[in-house]
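Colleague: here are the coordinates; sequence isn't available:
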């Protein structure tokens, strides 16, 4: 009891969700969500992990836009053990309720992987299955 170092002490703060918009978004406004996570432990070893994520999206009649960013940093006994950054953006054009085409651009830098960075560029076609839409699930309101 003489020292906190003899006992593991953990302070955890994670999954805090912060809405970037204070009012109910109107159709066409950006809807955003941010998360921050912190884990600090002291005992035989001192470890700390910090993570953050940010997502925002906008949907208008024929278009859907999504932006995503995240970061992670971790260390043990003041030695860095993880450092990662990721950013992506996707835009989709909706032909109808089920069919759409999309473009995605993603950049990832992980200082502890075998690569300097990874970049991805994707274009494609998508189709939502009618059986997976909420109005088609048994027990939900059929309109």
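Modeller: Yep, that arrived. Values in this document were obtained by computation on a predicted structure and should not be read as measured data.
Colleague: drop to CA atoms for contacts and neighbour counts, all remaining ones
Modeller: Will do.
Colleague: what's in contact with the strand ranked longest in the chain?
Modeller: Across the chain, the longest stretch assigned as strand under DSSP state E is strand 79-94. Outside of strand 79-94, the residues that reach it under the criterion Cα atoms under 8 Å, 6 or more residues apart in numbering are 62-75, 100-112.
Colleague: tell me which element the residue nearest the centre of the chain falls in.
Modeller: By Cα atoms, centre = their mean, the chain has its centre lying nearest to residue 53, at 4.9 Å. If you go by DSSP states H and E, residue 53 is part of strand 47-59.
Colleague: listing partners with orientation, what would you give for that strand?
Modeller: Taking DSSP bridges as the criterion, strand 47-59 sits next to strand 31-42 (antiparallel), strand 63-76 (antiparallel) in its sheet.
Colleague: a markdown table for those, including mean neighbour count?
Modeller: Shown next, in a markdown table, are those (neighbours: other Cα atoms under 10 Å):
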| stretch | mean neighbour count |
| --- | --- |
| strand 31-42 | 17 |
| strand 63-76 | 17 |
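Colleague: distance to residue 94 and mean pLDDT for those strands - can I get that in JSON lines?
Modeller: JSON lines is the format used below for the strands paired with strand 47-59 (distance: least, Cα to Cα, whole Å; pLDDT from 0 to 100):
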{"stretch": "strand 31-42", "distance to residue 94": "19", "mean pLDDT": "96"}
{"stretch": "strand 63-76", "distance to residue 94": "6", "mean pLDDT": "96"}
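Colleague: can you redo those as JSON lines with distance to residue 88?
Modeller: As requested, the strands paired with strand 47-59 are exported to JSON lines (distance: least, Cα to Cα, whole Å):
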{"stretch": "strand 31-42", "distance to residue 88": "14"}
{"stretch": "strand 63-76", "distance to residue 88": "5"}
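Colleague: beta partners for the residue nearest to the centre of the chain?
Modeller: Beta-bridge partners, per DSSP bridges, of residue 53: residue 35, residue 70.
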